[in-house]
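A.B. asks: mind looking at a prediction? Sequence and model below.
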Protein chains: 2
Amino acid sequence: MLNVRRLLLLTEIAEHGSLTGAASAAGMTASAASQQMSRLEAEVGQPLLERLPRGVRLTGAGEALVARGRAIRRELRAAQADLDAFARLDRGTLRLGSFPTVSASLLPLALTRFARAHAGAEVVVRSAMLAQLREMLHTGEVELALLWDYRWNRVSDEALTLTHLLNDPTVLVVPANSRLLDEPEVSLRSLAAQHWIIRADNHPVAEVLRRSCRLAGFEPRIAYESHDYQEAQAMVAAGLGIAIAPRLALTNRRNDVRLVRLGADVPAPIRRILLARPENRMPTPATLAMIDILHAVAERFTDTNLDRNQLGSVRRVGGPRAPRA
Amino acid sequence: MLNVRRLLLLTEIAEHGSLTGAASAAGMTASAASQQMSRLEAEVGQPLLERLPRGVRLTGAGEALVARGRAIRRELRAAQADLDAFARLDRGTLRLGSFPTVSASLLPLALTRFARAHAGAEVVVRSAMLAQLREMLHTGEVELALLWDYRWNRVSDEALTLTHLLNDPTVLVVPANSRLLDEPEVSLRSLAAQHWIIRADNHPVAEVLRRSCRLAGFEPRIAYESHDYQEAQAMVAAGLGIAIAPRLALTNRRNDVRLVRLGADVPAPIRRILLARPENRMPTPATLAMIDILHAVAERFTDTNLDRNQLGSVRRVGGPRAPRA
DNA sequence: AGAAGGGGTTTAGTGGAGCTAAAGGCTAGA
DNA sequence: TCTAGCCTTTAGCTCCACTAAACCCCTTCT
């Protein structure tokens, strides 16, 4: 197939009317242009340029080729414009993996910000459990995923680039009228006699409770196995027992429950929220943009920002609101 | 500007669904394809392919580029088709230089044949005098030209590629009732007493007469200076004198004049009909085709083919007709 | 549990395409 | 006649694109 570079050079030459002019416009010597045109003519087996004393003129075949060359140049420029659109996020799709507690806390704000900043780009969120999220990263089903881990089940994957978004502390969930609210924080050891609401189906937070209680020297007495955090809150409010939960899971807190910080006698397990993308693969512009936004949003959900609003005795309904600026 | 080869390779890869497949279809190794795609991605600053366990899939930006790549490939194929059309002479223009005697003899048949064989191609004939024809060859105003010369003014031009088409002998033109027709050929020496019709305006054939008569030992007595060969024939027919002429100039012979071969006592000057094109420049397909046709047509106008029809006593009106095959 | 096969990547090394520099030729115009 | 443009040729260099070989991953078949 015809050498395209030479065809494009011919097009420039046609427009300049001379090899010298086109060559210097293309940043090369007239010699190079001359050689390229000789080769192009040899390639097509026909003369394409008539050499005049001053400059060159096209032959019929040359005219035909230049018309094609112009079309090709148009396409190339359009291709570049397409790429620029993707780079500017005027176009593009980001497939993002997430999991329920993040989808209900960080994510809505991140999606809103992304949509506002990059109206042309689309985000598709796929929610799944940890193992599936990692699988989706490997298969390329998502370009970016939110993951989590605890100290005892660290995500460690050569094929993933991980960044730490924020630490999500484990907190105690108690009824709004609980005596436990009298102190700013509660020692786990003092809760050995309590009944507990846990998550069913081997939910990770059940593991968190068991490990912590074992460290505190008792086995928790299970009063109810809930299937989501709303149900768990309801049970706590109804006085069936108390619960622990990662604080992000309680972004939507019922009015009749309260959160209490766990004391330092038994270190409260901390859930890390991570951002993962495939290692060794170049991220799309949309991926990079979303990473930035998620970091910024995570900033608002960090411990220090939330403390004033959500822990202790301050009563407030609705999501967290950090002061602007 | 985007590297087009890589873009086209991406297009092939998109269609094959794998680097390996596209690479072997393109006659290269998978390694080469992989390297090229890595570079293309680096070039555009975005991932274009998702690597799957079996093969690859396009990213959004990849899809956009492939659409452009397909358009470019279409243009390239169309360009090749354009060139083929020129090569097949379905398109194209040949600018051909000629001069009156050839234009009135060889050329009509050549043009007819060319038009019949190559309906899509066009021939533009520019008629001029020798010096202008050569000039037009140099400036590229014509790609091919018919030229002529005599022994004493040989065309010799480094910048031209010359081929010999045919020899055009000088013949004697006499009235149809002339006593000179009694012999198959006439000695020039025996014509010292004749009156002569010559061409005015320093026409080359006047030079031919002067040189020949000088060789035969006399100066011609000029009875009339005509401006073309029809006029000269008329004067000969009217009995004002006799004339010499290159035989091709008498392709349209009046019924009341006859042609007589000149004897060997004084060598009759022979006009060479030549075909010339610029040296060192590639001929267009149309030029090559016309060269072939002109040689074939010239064959019909050579001495041996014409003798039966036009010289001596055979009376025949109209152009020469060589027997088919 | 291997083995086979299909695919992608990395690395090192090579050949040729494409470039520059230099010199030369041609033509138009001063 | 000389100068200024422009095209071309030649020699030589650089670096791009390719191959070969080895490796990795994953799936599928034995």
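C.D. replies: Nice, thanks for sending it over.
A.B. asks: give me the residue from the stretch 51-200 of chain A nearest DNA strand C.
C.D. replies: Going by C-beta to the nearest atom of the strand, DNA strand C is nearest to residue A:53 of the stretch 51-200 of chain A, at 3.3 Å. C-beta: built from backbone N, CA, C; applies to glycine.
A.B. asks: neighbours of that residue, how many?
C.D. replies: Residue A:53: 7 surrounding residues under other C-beta atoms under 10 Å in any protein chain shown.
A.B. asks: could you do the one 10 residues further on as well?
C.D. replies: When counting by other C-beta under 10 Å, one arrives at 13 neighbours for residue A:63.
A.B. asks: what does stretch A:102-109 contact?
C.D. replies: Under the criterion C-beta atoms under 8 Å, 6 or more residues apart in numbering or on different chains, residues A:98, A:125, A:127, A:146, A:148, A:165, A:248-249, A:251-252, A:273, A:294, A:297-298, A:300-301, A:319 lie in contact with stretch A:102-109.
A.B. asks: could you list the buried residues of that stretch?
C.D. replies: Using 16 or more other C-beta atoms under 10 Å in any protein chain shown as the test for burial, stretch A:102-109 gives A:102, A:104-107, A:109.
A.B. asks: what does chain A put close to DNA strand C?
C.D. replies: Contact residues, chain A versus DNA strand C (C-beta under 7 Å from any atom of the strand): A:3, A:5-6, A:27-29, A:31-32, A:35-36, A:39, A:53-54, A:280.
A.B. asks: let's go with 6 Å and repeat that
C.D. replies: When proximity is defined as C-beta under 6 Å from any atom of the strand, chain A approaches DNA strand C at A:3, A:5, A:28-29, A:31-32, A:35-36, A:39, A:53.
A.B. asks: name the SS class of the closest residue to chain B within the stretch 201-325 of chain A, please.
C.D. replies: Nearest residue of the stretch 201-325 of chain A to chain B, counting by C-beta to the nearest C-beta: residue A:282, 4.4 Å away. Following DSSP: H, G, I helix; E, B strand; the rest coil, we place residue A:282 in the coil state.
A.B. asks: coming back round to it: and the residue of the stretch 51-200 of chain A closest to DNA strand C, what element?
C.D. replies: Following DSSP states H and E, one finds residue A:53 outside all helices and strands.
A.B. asks: distance check, it against chain B.
C.D. replies: The spacing between residue A:53 and chain B, counted by C-beta to the nearest C-beta, to the nearest Å, is 8 Å.
A.B. asks: pick the one among the buried residues of stretch A:102-109 closest to residue B:180.
C.D. replies: Within the buried residues of stretch A:102-109, proximity to residue B:180 (C-beta to C-beta) peaks at residue A:107, which comes in at 114.6 Å.
A.B. asks: confirm the closest one sits in a helix?
C.D. replies: Yes - the assignment for residue A:107 (three-state DSSP) places it in a helix.
A.B. asks: buried residues of the helix ranked longest in chain A, list them for me.
C.D. replies: As assigned by DSSP state H, the longest helix anywhere in chain A is helix A:60-88. Across helix A:60-88, burial judged by 16+ other C-beta under 10 Å covers A:60-62, A:64-73, A:75-76, A:79, A:82-83, A:85-87.
A.B. asks: residues from the stretch 201-325 of chain A in reach of chain B?
C.D. replies: Contact residues (C-beta under 8 Å from any C-beta of the partner chain) of the stretch 201-325 of chain A with chain B: A:281-285.
A.B. asks: quick one: low-confidence parts of the stretch 101-250 of chain A?
C.D. replies: Scanning the stretch 101-250 of chain A for pLDDT under 70 picks out nothing.
A.B. asks: phi, psi of residue A:213?
C.D. replies: Main-chain torsions, residue A:213, degrees, to the nearest 10: phi -60, psi -40.
A.B. asks: what's the separation between it and residue A:221?
C.D. replies: Distance from residue A:213 to residue A:221, counting by C-beta to C-beta, to the nearest Å: 10 Å.
A.B. asks: report the contact partners of the residue nearest to residue A:78 when sequence neighbours are not counted.
C.D. replies: Nearest residue to residue A:78 in three dimensions, chain neighbours excluded: residue B:68, at 6.0 Å (C-beta to C-beta, 6 or more residues apart in numbering or on different chains). The contact partners of residue B:68, taken as C-beta under 8 Å, 6+ apart, are A:75-76, A:78-79, A:82, B:7.
A.B. asks: closest one to DNA strand D out of those, please.
C.D. replies: Set against DNA strand D, the nearest of the contacts of residue B:68 by C-beta to the nearest atom of the strand is residue B:7 (11.2 Å).
A.B. asks: report how many residues lie close to that closest one.
C.D. replies: By other C-beta under 10 Å, 24 other residues sit near residue B:7.
A.B. asks: again, but for residue A:50
C.D. replies: The local packing of residue A:50 (other C-beta under 10 Å) involves 17 other residues.
A.B. asks: and the helix or strand that contains it with chain B, contact?
C.D. replies: For residue A:50, the host element (DSSP H and E) is strand A:49-51. Yes - for strand A:49-51, a contact with chain B is found by C-beta under 8 Å from any C-beta, at A:50-51.
A.B. asks: neighbours of the residue lying closest to residue A:268 once chain neighbours are set aside, just the number please.
C.D. replies: Once flanking residues are discounted, residue A:268 sits nearest to residue A:262: 4.0 Å by C-beta to C-beta, 6+ apart. By other C-beta under 10 Å, 21 other residues sit near residue A:262.
A.B. asks: try residue A:123
C.D. replies: Residue A:123 has 19 nearby residues by other C-beta under 10 Å.
A.B. asks: quick one: the helix or strand hosting it to helix B:60-87, angle?
C.D. replies: Taking DSSP H and E as the criterion, residue A:123 maps to strand A:122-127. Inter-element angle recorded for strand A:122-127 and helix B:60-87: 130 degrees (by axes from the mean of the first three to the mean of the last three C-alpha atoms, to 10 degrees).
A.B. asks: are the next helix or strand after strand A:122-127 and chain B in contact anywhere?
C.D. replies: Reading on from strand A:122-127 to the C-terminus, the next helix or strand found by DSSP H and E is helix A:130-139. Yes - for helix A:130-139, a contact with chain B is found by C-beta under 8 Å from any C-beta, at residue A:139.
A.B. asks: what angle separates helix A:130-139 from strand A:122-127?
C.D. replies: 140 degrees.
A.B. asks: which other helices and strands does helix A:130-139 contact?
C.D. replies: strand A:93-98, strand A:144-149, strand A:270-278 (3 or more C-beta pairs under 8 Å, 6 or more residues apart in numbering or on different chains; DSSP states H and E).
A.B. asks: how about a cut-off of 6 Å?
C.D. replies: Applying 3 or more C-beta pairs under 6 Å, 6 or more residues apart in numbering or on different chains; DSSP states H and E, one finds that helix A:130-139 contacts strand A:144-149.
A.B. asks: buried set for the strand it packs on?
C.D. replies: Under the neighbour-count criterion of 16+ other C-beta under 10 Å, strand A:144-149 has A:144-149 buried.
A.B. asks: the residue nearest to residue A:268 bridge partners, please.
C.D. replies: residue A:186 (DSSP bridges).
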